[in-house]
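Visitor: I need the structure of the sequence given here:
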Amino acid sequence: MGRFPGGMNHQQFDMSNYNGDLGRTNPYSLTDSNPYSNPAGANSYEMEAVGENPYESRADISEASTKEVSVYGTNNDVADFFDEVDEIKKIVRRYDQNIDTIESLHKQALSEISGEQETYTREQIGSLANETSALSQSLKDRIKSLQSRSTRDSTKKTQAENLKRQFMNAIQRYQTVEATFRQKYREQAERQFRIVRPEATDAEVKAAIEDVQGEQIFSQALRTSNRRGEAQTALSEVQTRHREIQKIEQTMAELAQLFHDMELLVAEQEAPVQHVEKHTEQVQVDVEQGMGHTSKAVVFARAARKKKWWCLLICLIIIILAVCIPVGIWASNNNKKD
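Guide: Coordinates of the predicted model:
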């Protein structure tokens, strides 16, 4: 067994160097602050699979992430955009459902016999119409905001265009429903008026239903009618239908304005896109023209270089001739003298 300095054997040297005081830090301890240890699983030098380049995989991931951000924007932005798309789709579905319910309530109101039940149905129609109007304003604003965020991304733009088209189709369907029941309410009111005044002209019927003096005309008919009970009921129903027609016409005017606003929104969004497309086309033309000029410049430069070399060659020949001819003449004269 070998000896160590100071006469200590191997075991004594081992104990004296590795079993010091309890407070001394062991530089080789696995539990101390080893920069290559893995506390709480946080070792950044994790072993890669055999045969793999650890830097190559990280570079690929970084490159892919950079490409994704540059093309589609940040992941959060894309996620927020499509979350908003989903929310708008839900509101459009709710809007469509409200239209279906309003249509059913209109049918119910036309067939109601009980005045109390008819009043309740009209209140439902009014409440649902107000809710649908609020939904339409929300949809218009949110779709407008969505389109402003999708001008540079074809995928986003397609989503926004689809939502806008769905909403405009729903508006047109709502207009059709309201126009249909406006006509049905009008026809029912006309029938009620003719119960009291069968001999009334079309102009008188129209005045009783639509004109400001309609109630006065109906009241005169009520006073001259022999069936006052039926006439009173008819007057009440005509007045009710008159109010319903007015509400429907107000709703239709709002829908027409809303549809017009959406059409303007389309024009507002298309104008910048067309400007960008036109600018892009102009840039492309300028680039092509620039490339053409560059090609011509290259040709001219090559021709100029060729001419320069030819000129240099000619000058060189002239210099050679200028030197050689006098020398030849001088040599010839010397030979003659000899």
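Visitor: which element follows the helix or strand hosting Phe81 toward the C-terminus?
Guide: Per DSSP states H and E: Phe81 is located in helix 75-111. Next along the chain after helix 75-111, taking DSSP H and E as the criterion, comes helix 115-148.
Visitor: buried residues in the helix holding Phe81, which are they?
Guide: Buried positions in helix 75-111, judged by neighbour count with 16 or more other CB atoms under 10 Å: 78, 81, 84-85, 88, 91-92, 95-96, 98-99, 102-103, 105-106, 108-110. For the C-beta atoms, the positions are set from N, CA and C on the backbone; glycine is no exception.
Visitor: can you check stretch 150-162 too?
Guide: Neighbour counts using 16+ other CB under 10 Å place 150, 153, 156-157, 159-161 of stretch 150-162 among the buried residues.
Visitor: what score does Gln216 have for pLDDT?
Guide: Reported pLDDT at Gln216 in the predicted model: 63.
Visitor: ok, now Arg197?
Guide: Confidence for Arg197, expressed as pLDDT, is 78.
Visitor: can you check Ala221 too?
Guide: In this model, Ala221 is scored at 62, pLDDT.
Visitor: can you check Glu277 too?
Guide: pLDDT at Glu277 comes out at 54.
Visitor: just Arg165 next, same as before
Guide: pLDDT, Arg165: 95.
Visitor: helices and strands around the helix or strand containing it, which ones?
Guide: Assigned by DSSP H and E, Arg165 falls within helix 154-196. The helices and strands touching helix 154-196, judged by 3 or more CB pairs under 8 Å, 6 or more residues apart in numbering; DSSP states H and E, are helix 75-111, helix 115-148, helix 202-209, helix 214-224, helix 228-337.
Visitor: out of the ones you listed, which is the most enclosed?
Guide: helix 202-209 (a mean of 18; mean count of other CB atoms under 10 Å).
Visitor: give me the angle between that one and helix 154-196.
Guide: For helix 202-209 against helix 154-196, the angle between stretch directions is 110 degrees (axes from the mean of the first three to the mean of the last three CA atoms, to 10 degrees).
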